[in-house]
Each structure stands twice: as C-alpha cells, then as structure tokens.
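Q: model the following, please.
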Amino acid sequence: MKRSEINALIRNAMRFCARHKFALPPFAFWTPAEWAKKGHEADEIRDCMLGWDVTDMGTGLFKTCGLVLFTLRNGRYNNRRYPKSYCEKMLVQAEGQYTPMHFHWLKSEDIINRGGGTLVIQLYNASKSEGLARGDVRVSTDGVARRVRAGGTLCLKPGESITLTHHVYHKFWAEGGPVLLGEVSAVNDDRNDNRFYDPLGRFPKIEEDEPAQFLLCTEYPRAGKRGR
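A: Alright, predicted model coming up:
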C-alpha cells in the first residue's frame, strides 16, 4: 500500500467516526513528531499495539480486500505489566470491500454494527484439519441463540451484534454503505492468533510515496535506550 493511501484512509476514518459520534482517544491524533517525544509513559500503547491499523491482508488490493482498524484498549497474554484480559477495537468496512475468511485459535469476540450500512457475515465451523466444516454453526446475536448452515450468512443492522467463539471461520462485508464496527473481545494478538483460510499477510508492505501523517500500531518509535 502507498503511504498516501494510508494517510487518506486514516483521515477518512476519523471523519466517519465523527459523523457517527464515536469519539477516539487522544493518541489517535498524535503525529510522528509527537510520537518521537513520547517516553515510557506511552509503552502500553506500543507494547499492546494500540492505535491505527490499515491492512490489505497482503493482497495489494485494498479497495476489494482490506480493513481500517483502531485498537482502543488491549492486554497481553501472560504479561503481568498489562493484565487486561480484554480488547476493544473500532473498524471501518467499506462497501465493495471484504475481510477474508479467518478464525482465531484463542480469541472470542463480539462484532457490533455501530452505524452505517448492513454488515453481512458468512460463517463456517473449522474442521479438525482447519478446513471448512459442513455442520451448522451456532452463534449468539444480541443474546439470542442462532443456528446458521455452513457457508450461510447473517445480516447485522446498526445496533446489532454477533458473538464469535474461537475456531469459527468468518468473512464479512458491508452492504448499503460503509459500516462502523465495534469489536469487544478477549486479548487480541494479531501477530499469532489469525488463521486465514487462504494464506494471507496480516500487515501491508508500504511504499513511502509521502511522509506519514499518523503512525500505524506496528511503527511506533521505542522510548529511551530500548531501541526498536
């Protein structure tokens, strides 16, 4: 992805959140120059990968396959310094764009339609070999038990949500306009806990065609003598 594209997508996501009255925390707006001055007081943001995350899943086709995310809070597995057992994210899914089929080995999550269009989610159970199982998928939508046939879809209107346990494959996309999503989950580990059905990269390769206006969660400079 080009840096100019990432800059524009983050600015658009900020405006989209503002239109839906979803207030982002102060560090969402820190510039690279401000980050260069941050000391160890900001280590939780660095170490728990809070902040902006723009990805094309390594496809080079963001308009078709991709997502803009912002992690507001998160913990770390087996780390006493960051004892939070939960994570919260904001996601923007554009119309005509999908997030590819994947599951998590450890993380269970609620995905919430906070506003905009309709979110469509396709579901499969993972088989023992991590393929697509044929059996029905059991999920909860806003506390109501549902059964969905393998490969079937559910549509979430604004205000509606779905609970996804680990080893449930899911692919989702927006219809009727972009969707502002919330995610409330167990601790999130994007480096190790994503199993894509088709092999993909979680983080993009970036072409630096202009200076970064905001840093991604994988780009923060370390504080003091610790180095990157």
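
Q: okay, CA-based contacts and neighbour counts for the rest of this
A: OK.

Q: would you list the phi and psi of the spatially most central residue of the chain?
A: Nearest to the geometric centre of the chain sits residue 69, at 4.6 Å (CA atoms, centre = their mean). Torsion angles at residue 69 (phi, psi; degrees, to the nearest 10) stand at phi -130, psi 160.

Q: how near is it to residue 180?
A: Here residue 69 is placed at a distance of 10 Å from residue 180 (CA to CA, to the nearest Å).

Q: ok, residues contacting the helix or strand harbouring residue 18?
A: Using DSSP states H and E, residue 18 sits in helix 3-19. The contact list for helix 3-19 (CA atoms under 8 Å, 6 or more residues apart in numbering) reads 23-24, 52, 54, 68, 92, 180, 206-214.

Q: only whichever of these are buried, select them in PyMOL.
A: A single PyMOL command selects the buried members of the contacts of helix 3-19 (16 or more other CA atoms under 10 Å):
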select buried, resi 24+52+54+68+92+180+213+214
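
Q: the nearest residue to the residue nearest to the centre of the chain once chain neighbours are set aside bridge partners, please.
A: Distances taken as CA to CA, 6 or more residues apart in numbering place residue 91 nearest to residue 69, at 4.3 Å, with adjacent residues excluded. Residue 91 has these beta-bridge partners by DSSP bridges: residue 69, residue 181.

Q: lowest average confidence, helix or strand, in the protein?
A: Using mean pLDDT, DSSP states H and E, strand 195-196 stands out as the lowest-scoring helix or strand of the chain, at a mean of 94.

Q: all the strands of the protein, residue numbers only.
A: Along the chain, counting by DSSP state E, strands occupy 51-55, 67-73, 86-93, 98-103, 109-125, 137-141, 144-148, 153-156, 161-164, 168-186, 195-196.

Q: re the thing from before, quick check: buried residues in the helix holding residue 18?
A: If you call a residue buried by 16+ other CA under 10 Å, then helix 3-19 has these buried ones: 3, 4, 5, 6, 7, 9, 10, 13, 14, 16, 17.

Q: could you export the residues you listed as a markdown table, including pLDDT and distance to residue 176?
A: Listed next are the buried residues of helix 3-19 as a markdown table, based on pLDDT from 0 to 100; distance: CA to CA, whole Å:
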| residue | pLDDT | distance to residue 176 |
| --- | --- | --- |
| 3 | 97 | 28 |
| 4 | 98 | 27 |
| 5 | 97 | 23 |
| 6 | 97 | 24 |
| 7 | 98 | 25 |
| 9 | 98 | 19 |
| 10 | 98 | 21 |
| 13 | 98 | 17 |
| 14 | 98 | 20 |
| 16 | 98 | 15 |
| 17 | 98 | 17 |
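
Q: including distance to residue 185, could those residues go into TSV?
A: Shown next, in TSV, are the buried residues of helix 3-19 (distance: CA to CA, whole Å):
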residue	distance to residue 185
3	29
4	31
5	29
6	25
7	27
9	24
10	23
13	21
14	22
16	23
17	20
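
Q: so where is this structure shaky, pLDDT-wise?
A: Low-confidence segments of the chain (pLDDT under 70): 225-228.
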